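# Quick check, what structure comes out for this input:
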Amino acid sequence: MERDLTRIALFAALIAVLGLMPRLTLASGIPLTAQSMGIMLAGTILGARNGALAVLLFLGLVALGLPLLAGGRGGLGVFAGPTLGYLIGFPLGAFVTGLIASRFEHRMAFVPSLTGAFVGGIIVVTVCGIVGMAVMMGVSLAQATTFALPFLPGDVIKAVLTAGITAALWKARPALA
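From the prediction side, this is the model:
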């Protein structure tokens, strides 16, 4: 239990640190950051339950006002903006990533990690983000989808990096699986 709590806290910190990377804000107002890779890594390395808990801890800290999101944003106000769908999608994405990867014999190998990261970290998070943008910005789903499309190439790169990091970690520390 203590080991799980430590890992959950460490991954919440990792997600926060990945938000400090230089960001690029797209025309939709949504920042492009490395934080979504932290979501994917939480799912592939910690598994579905603990990965989602790490993301929920991170979001709890954001809600308390810590400036952990891209651009130093934090507080309850971020949950009333165009990124709401992504924030809701983050824990769901980590959970689905871990759940899908765990369906394979060796969940931390490259292919299971890539599959989980692609479905959970890209599809689930993006669909939640699109719906959230449509609702919060008062635009159609089609228009919100056009706002989200520029993220997809970067997300694919982050999913491949996630799978590579996870597989390398598994090779170095097989007991983690």
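# residues in contact with the residue nearest the centre of the chain?
Central residue check for the chain by Cα atoms, centre = their mean: the C-alpha nearest the mean position is that of I39, 2.7 Å away. The neighbourhood of I39, defined by Cβ atoms under 8 Å, 6 or more residues apart in numbering, consists of 15, 51, 55, 90, 93-94, 97, 121, 125. From N, CA and C alone the C-beta is placed, and that goes for glycine too.
# so where do the strands sit in the chain?
All strands of the chain, identified by DSSP state E, fall at 24-25, 31-32.
# Do you have the helices of this protein handy? List them.
In the chain, the helices defined using DSSP state H lie at 2-18, 35-41, 48-63, 84-102, 110-116, 125-137, 141-148, 152-172.
# Can you say which of those helices is packed in most?
Among these, ranked by average contacts under mean count of other Cβ atoms under 10 Å, first place goes to helix 35-41 (a mean of 29).
# and it, average pLDDT?
Within the predicted structure, the mean pLDDT of helix 35-41 is 96.
# Pull the distance from that helix to the chain's centre.
The offset between the C-alpha centroid of helix 35-41 and the centroid of the whole chain comes to 4 Å, using Cα atoms, centre = their mean, to the nearest Å.
# would you put the C-alpha positions of it in CSV?
Backbone C-alpha positions of helix 35-41 (Å, rounded to 0.1, in the frame of the first residue of the first chain) are rendered in CSV as follows:
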residue,chain,number,x,y,z
GLN,A,35,1.5,16.5,-19.8
SER,A,36,-0.5,14.1,-21.8
MET,A,37,2.6,11.9,-22.0
GLY,A,38,2.5,11.8,-18.2
ILE,A,39,-1.0,10.6,-18.4
MET,A,40,0.0,7.8,-20.7
LEU,A,41,3.0,6.8,-18.6
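# Could you dump the helices of the chain into a markdown table and include distance to G72?
Output for those, formatted as a markdown table (distance: least, Cβ to Cβ, whole Å):
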| stretch | distance to G72 |
| --- | --- |
| helix 2-18 | 11 |
| helix 35-41 | 13 |
| helix 48-63 | 11 |
| helix 84-102 | 16 |
| helix 110-116 | 30 |
| helix 125-137 | 20 |
| helix 141-148 | 22 |
| helix 152-172 | 21 |
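# Out of the ones you listed, which gets nearest to L76?
L76 lies closest to helix 48-63 among these, at 5.8 Å (Cβ to Cβ).
# if we look at that closest one, which residues are touching it?
In contact with helix 48-63 (Cβ under 8 Å, 6+ apart) are residues 4, 7-12, 15-16, 39, 42-46, 68-69, 73-76, 78-79, 87, 90-99, 102.
# Swap in 6 Å and give it another go.
Helix 48-63 has contacts (Cβ atoms under 6 Å, 6 or more residues apart in numbering) with 4, 8, 11-12, 15, 39, 42-43, 68-69, 74, 76, 90-91, 94-95, 98-99.
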